[in-house]
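K.L.:
generate coordinates for the sequence data below:
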Amino acid sequence: MKKLIRELLPLVIMCAMMLYTLAVIIFTEVSMQYQHYMALMLITVCWATFYISRNAFRYMMLLTLVLGLMNVMYFTPYMSSAAFRISIGSGAENQPRLWKGIQPESFLLLFVYVFVGDISMLRRITNLVRRPEPSPEEAEQETQHKVQFWKKKFASKSEEELNNIINQPDRFLPEAREAAKELVNEELRMKNEGGPV
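P.N.:
Residues are numbered from 1 along each chain as shown. Have a look, this model is predicted:
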């Protein structure tokens, strides 16, 4: 139930904003723009996809919020925008400037949706940024490198301490336990051969 509420929270807020917008349009002299029609259409599509396919719903919500963020559609009666300016060149008066405005309401809804509402969407976004999975050979090489690191670290430990490390899987990393096992095996081999311990 909590997941359902988290997923629907931005959509319910958008619906409330659109109801307020429609009330302002009906009872005042504000005219309805094509951006309002787009917002109504996409909110309706979001509700439909929620009942048809949750996966499609997540992407439709993201699309709707991004389009609202870029002022392609409005959830509010008036275009509200927080603008920022990027100057290209030396900043002289005749140099071109790029103005871009974003809707603060859509930004907040997008923030709520990505970071609070849909945790799986946050995971998908971080997976796009995360480095790719290493090949099996690279993973094995990295594991061996870690084992060698732990072997150097545990070289001065006694056999009893190494056995404690081996017998506590919840406390030590698998690579550390593997290094301790290798050190114990090396000590046993040295004892069996009669060499110095």
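
K.L.:
drop to CA atoms for contacts and neighbour counts, all remaining ones
P.N.:
Will do.

K.L.:
got the residue ranges for the helices in the protein?
P.N.:
Counting by DSSP state H, the chain has these helices, from start to end: 2-27, 34-52, 54-69, 104-111, 119-129, 136-154, 159-166, 174-193.

K.L.:
which of those has the lowest mean pLDDT?
P.N.:
Confidence, taken as mean pLDDT, is least for helix 119-129 of the helices of the chain (a mean of 64).

K.L.:
so which of the helices of the chain is nearest residue 76?
P.N.:
Closest of the helices of the chain to residue 76 is helix 2-27, at 5.4 Å (criterion: C-alpha to C-alpha).

K.L.:
got the buried residues for the closest one?
P.N.:
Using 16 or more other C-alpha atoms under 10 Å as the test for burial, helix 2-27 gives 6-11, 14-15, 17-19, 21-22, 24-25.

K.L.:
residues contacting residue 66?
P.N.:
By C-alpha atoms under 8 Å, 6 or more residues apart in numbering, the contact list for residue 66 reads 106, 110.

K.L.:
give me the domain ranges for the chain.
P.N.:
As assigned by automatic domain parsing, the chain contains the domains 2-129, 137-193.

K.L.:
how distant is the shortest one from the center of its chain?
P.N.:
For domain 137-193, the distance between its averaged C-alpha position and the chain's averaged C-alpha position is 36 Å (C-alpha atoms, centre = their mean, to the nearest Å).

K.L.:
what does the first one give?
P.N.:
In terms of C-alpha atoms, centre = their mean, the centre of domain 2-129 is set 18 Å apart from its chain centre.

K.L.:
distance of the residue of the chain most remote from its centre relative to residue 34?
P.N.:
Here the chain reaches farthest from its C-alpha mean at residue 194, the gap being 57.1 Å by C-alpha atoms, centre = their mean. To residue 34, residue 194 is 89 Å away according to C-alpha to C-alpha, to the nearest Å.
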